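Engineer: based on what follows, work out the 3D shape:
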Amino acid sequence: MKLLEIYILRRIVQMFLVTLLPVLTIIWTIQVLGRINLVTDTGQSMGSFVTLATFILPTIIPVVLPFALTIGITQTLTAMNNDSELPVIDAAGASRSIIYRPVLMLAAFLSLFSFVVANYIEPPARVAARTMVAEAYADLLSSVIEEKTFRSIEDGLYVQISERHSGRVLTGLFVVDYRDPNFDLIYYAREGSIDESGTSLTMRDGEVHRKTPDGRISIIKFMSYAFDLSAMSGSETPSLSAGDRSLAFLLNPDPDDPHVQRSPGSYRAELHGRLTEWLFPFVFALISLIVAGDSRSHRQTRLHPMVTALIIAFTIRWLGFSFKNLVKQDEANIYLMYLLPAAGIGASVYMLASRRQIRMPTALANLLARQVQRIQQRLPRRIGGRT
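Structural biologist: Reported below is the predicted structural model:
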């Protein structure tokens, strides 16, 4: 690589990391705090909590990474334009490949990295996290919950145990489940036990009361009833979802798998999502080059190029989610998931080759620019008032 290309690549990577790490940390912290009850309710150690937090991280990276790349590219190229570096490069007669090559090399690397994370790191991490949570809540029932005390497992789910005996045997079980808005469930059982794997609670000699919103109540007595502990933890460890499966399984799903039979559309949508969504970093990089890759006069536009690029990126990502839902409902829509990145790459390459630019309508650009200026003016006042 030429010295100038290395310079551009280094600046983009620095801005990319400055954007990625804080945003990733914020989202990761929110996700982790949502599972803090694993420690407070089940008595798990902080080491287990840190391990669970580590398993959550791969699920966030593929979503945040493309937008961080967009911000890194547009902010770097805009700063180079404001510092007259891009005009000097153009005036010197340098090829546009000097700007394009480092950006596309970084985008291609991050796309491949996103593919590896989404297909080979995230699925086993999701399974490990679900298994850990299920085991923790199994311990909650067998050893942590105090006798003759109601304990809230999660919103709408409560458990009471009269006595605890050796061998994970429980007596006087009372479970209240209000999580489903279509009906309420109340379980009574004289005795219950948790299997050694901690994946299910078997209740014996009891009954289930089911109440519908219109007030109708049905009572079913049972001699033995198996209750998934995964349902109590919000996980699906015993019955893995499509997002937990490996790429090899999605390419050739087991037709006898109960979850595949129950929701074949989710497996179809997940497979084609894995094969297309990893291209978004490359698509967003091309869009960023179109928006901010040319030298511009300071009077040429009032709206920051990063805003334009992010609006387009969010629109494409939203379309990706929408097409994925359509594929889940009908396999005839599969072509849409492949058409979206293909159309984005094709249109971007054409615009770069013809030196065309993406321009927002003047009225909309001015409106957005005024809103951004108002926010920028208010922030210093609020910060100054607090300090």
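Engineer: remind me which helix or strand the most centrally placed residue in the chain belongs to.
Structural biologist: Relative to the mean C-alpha position of the chain, the nearest C-alpha, by C-alpha atoms, centre = their mean, is the one of Ile60, at 4.7 Å. Assessed by DSSP states H and E, Ile60 sits inside helix 46-82.
Engineer: and that helix, what's buried?
Structural biologist: Within helix 46-82, the residues scored as buried using 16 or more other C-beta atoms under 10 Å are 48-49, 52-53, 55-62, 64-78, 80-81. (Glycine included, C-beta is placed from N, CA and C.)
Engineer: now do stretch 323-343: everything it contacts.
Structural biologist: 265-266, 268-269, 272-273, 275-276, 279-280, 282-283, 316, 319-320 (C-beta atoms under 8 Å, 6 or more residues apart in numbering).
Engineer: quick one: mean pLDDT over it.
Structural biologist: Model confidence over stretch 323-343 averages 93 on the pLDDT scale.
Engineer: span of that stretch from start to end?
Structural biologist: 14 Å (C-alpha to C-alpha, to the nearest Å).
Engineer: now it: buried residues?
Structural biologist: Here stretch 323-343 shows 323-324, 326-328, 333-334, 336-337, 340-341 as buried, counting by 16+ other C-beta under 10 Å.
Engineer: low-confidence ranges in the protein?
Structural biologist: The chain contains residues with pLDDT under 70 at 1, 34-48, 134-155, 167-168, 195-199, 228-239, 297-302, 359-373, 375-387.
Engineer: which residues of it fall in strands?
Structural biologist: 151-154, 157-165, 169-177, 184-194, 200-211, 217-228 (DSSP state E).
Engineer: need these in TSV (columns: mean neighbour count and distance to Phe109).
Structural biologist: What follows is the strands of the chain, written out as TSV (neighbours: other C-beta atoms under 10 Å; distance: least, C-beta to C-beta, whole Å):
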stretch	mean neighbour count	distance to Phe109
strand 151-154	16	41
strand 157-165	16	45
strand 169-177	18	48
strand 184-194	18	47
strand 200-211	17	44
strand 217-228	12	42
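Engineer: Throw the ones you listed into a markdown table and include distance to Ile6, thanks.
Structural biologist: Listed next are those as a markdown table, based on distance: least, C-beta to C-beta, whole Å:
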| stretch | distance to Ile6 |
| --- | --- |
| strand 151-154 | 52 |
| strand 157-165 | 56 |
| strand 169-177 | 60 |
| strand 184-194 | 59 |
| strand 200-211 | 58 |
| strand 217-228 | 55 |
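Engineer: returning to that earlier point: other SSEs contacting the helix holding Ile60?
Structural biologist: Here helix 46-82 touches helix 3-33, helix 37-42, helix 85-91, helix 97-116, helix 122-139, helix 280-292, helix 305-329, going by 3 or more C-beta pairs under 8 Å, 6 or more residues apart in numbering; DSSP states H and E.
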